[in-house]
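[1] Have a look at this prediction, sequence included:
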Amino acid sequence: MNIELITRQPMWLFAALLLMKFFLLLAVPLPESWHGDAWDYVGKARYLYEHGTFPEIRKGPDEEEPFRTADFRPPGYHFFISVFIPLGESNAEIARSVRIAQFGLDAVTTTLLLLIAYSFHPALGYRWFAAFILGLQPWTGAFIVAIVPETLTTILTVVGVLLLSFFVTWDGALRQAMALLGASLLLSLTFIIRPEMILFTFVLLAASILYAVRSQPARNHVLFLVIAALPFLGVIGANMAYRFHAADEIAIFGARPGSSPSGLGLWTGTWIAPQTIKEEIVFGPLRIGPNRFAELPSRMFSDESERDKLLKVVSGVHARGFMNAEDDQMFLKVARERMDRDPLTYYLWQPLYAAGNSWLNLSNAAHYLYGFSHLPRPVSKLLTAAFFGFKLLVLALFLYGVYRIIVELRSRSPEQWYLLFMLLGIGLALMRTLFFSFYYRHAEYRYTTIVWPFILLVALFGVSAIWTSLTHRSGQPLVQARDPIRT
């Protein structure tokens, strides 16, 4: 029997599923105009391409401000988009180029995950299962058709954390230094793309260095700190240079502008509902309109008089076409009254719900949903339900995988690079969930994209443990293949 041929077969299944995703991506209509974040990102990318620099940030309250809502964002993703503008400058051409590039990034990420998953178990059946799960899942590439930075941030994070796991587990100061330098550079680049990553990058680097140097001489402590600090501080410097150039201020990141009014945002935190409903209210702001607002569930209001009072504000905003400070103050007043009456909902129950809802939701990849929309409605609804069941299965396997990792760690230290890789990923997933739910208090579903690779890998680790258990019970030998990853 040709073992080499057999072991390559799961990769053909994986490649076929990637090809299916690619054709779905190409089928999604290209935009004629930009909305939301895409308008911000592409606007600055065009300016960078045309002028070779970023625009100055306009501050005058009466001045036309085409980039105002993007001023708080660091410039990394704008630069990424600008690279593709020479391939075509129309909105449709830019969207096509960015989509294909982001598909490529996601394909590299999931291929890397599959190779890592192969190291968990040599059974051919398990590897078929891993190829099917990673090829079919929509979550790592959920936003490849959108102009948002999640896909780019994801691949930098995954490879950066992988290098961190090599840094901790490899022998030899030189090999460790090279792995740490690469890890620090890639992880630091994430916060020139998404600002919150500066916190998570610092924690990941600090935790890895502290664990790695626990039994090493003092000179290595200093060496590793310097190596990690150089890229980290370099990217901070790049962010500060951008802020000084664009806004004439000394800061790492800009303050987020008032595109989402503080009172309105605070009010949405005083009641429990899915994130999609909150976004319909906050985005715009008050994109929901008076008719939909009047139909909101009664739990979102203390009583009908409060609903009527806020409905008048919403109707005024809808008629006027914009929201002013007085409107926002009304929502702020109502929010504070509700927080005084029921602080637990705001400070505990709503964030807990948001944390759960960020994972347990019907969110799917846009190109999958577009494909579903062209099927008969019963079939489309069945597929949507099936993918939600798929998500529940993966999350359940993730929890079992966490349990199996804990069992492994009871008997030995995490000296295997793949164990440390998963531990760092679990930590990052937990930190991001708590950060967006309890601190930032705005947990968009896309914020989980960056850590879905780790969720999937831990789930497959759980599957490998189940596979081993079933094999031992049956006494059946496994068709084995060589470990595809060696460090």
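    Received the coordinates, thanks.
[2] Identify the residue nearest Leu199 in space, chain neighbours excluded?
    Phe435 (7.3 Å; C-beta to C-beta, 6 or more residues apart in numbering). Backbone N, C-alpha and C define where each C-beta goes, glycine included.
[3] Equivalent analysis for Leu392, please.
    Nearest to Leu392 is Leu360, by C-beta to C-beta, 6+ apart, at 7.6 Å.
[4] That neighbour: what secondary structure?
    coil (DSSP: H, G, I helix; E, B strand; the rest coil).
[5] How about the contacts made by it?
    391-392, 395 (C-beta atoms under 8 Å, 6 or more residues apart in numbering).
[6] What ranges does the stretch 51-200 of the chain have for its strands?
    With DSSP state E, counting those that start in this stretch, there are no strands along the stretch 51-200 of the chain.
[7] quick one, domains of this protein?
    3-254+366-474, 271-341 (automatic domain parsing).
[8] pLDDT weak spots in the chain?
    Filtered on pLDDT under 70, the chain yields the residue ranges 1-8, 58-71, 256-261, 413, 472-487.
[9] 80 instead, please
    Scanning the chain for pLDDT under 80 picks out 1-8, 36, 57-72, 215, 254-262, 284, 411-415, 471-487.
[10] pull the longest helix from it.
    What stands out as the longest helix in the chain, according to DSSP state H, is helix 377-411.
[11] what comes up buried for the helix or strand just after that helix?
    Going down the chain from helix 377-411, the next helix or strand is helix 417-434, by DSSP states H and E. By 16 or more other C-beta atoms under 10 Å, the buried positions in helix 417-434 come out as 417-429, 431-433.
[12] Next: stretch 194-213.
    194-198, 200-201, 204-205, 208-209, 211-213.
[13] what do you get for stretch 10-20?
    10-11, 14, 17-18.
[14] go on, stretch 93-111?
    94-103, 105-107, 109-111.
[15] Give me the contact list for stretch 34-51.
    31, 53-55, 66-67, 69-70, 73, 75, 77-82, 85-86, 89, 91, 94, 146-149, 283.
[16] Can I get that stretch as CSV, trimmed to CA atoms?
    Below are the C-alpha coordinates for stretch 34-51, written out as CSV (Å, rounded to 0.1, in the frame of the first residue of the first chain):
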residue,chain,number,x,y,z
TRP,A,34,-18.5,52.0,0.5
HIS,A,35,-20.3,52.0,3.8
GLY,A,36,-19.2,52.0,7.4
ASP,A,37,-15.7,50.9,8.2
ALA,A,38,-14.9,50.2,4.5
TRP,A,39,-15.4,53.8,3.6
ASP,A,40,-13.0,54.8,6.3
TYR,A,41,-10.3,52.3,5.4
VAL,A,42,-10.4,52.8,1.6
GLY,A,43,-10.6,56.6,1.9
LYS,A,44,-7.2,56.8,3.6
ALA,A,45,-5.8,54.0,1.5
ARG,A,46,-6.6,56.0,-1.7
TYR,A,47,-5.1,59.1,-0.2
LEU,A,48,-1.9,57.2,0.7
TYR,A,49,-1.7,55.8,-2.8
GLU,A,50,-2.2,59.1,-4.5
HIS,A,51,-0.1,61.3,-2.2
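[17] how far is it from where the chain is centred?
    The chain centroid and the centroid of stretch 34-51 are separated by 21 Å under C-alpha atoms, centre = their mean, to the nearest Å.
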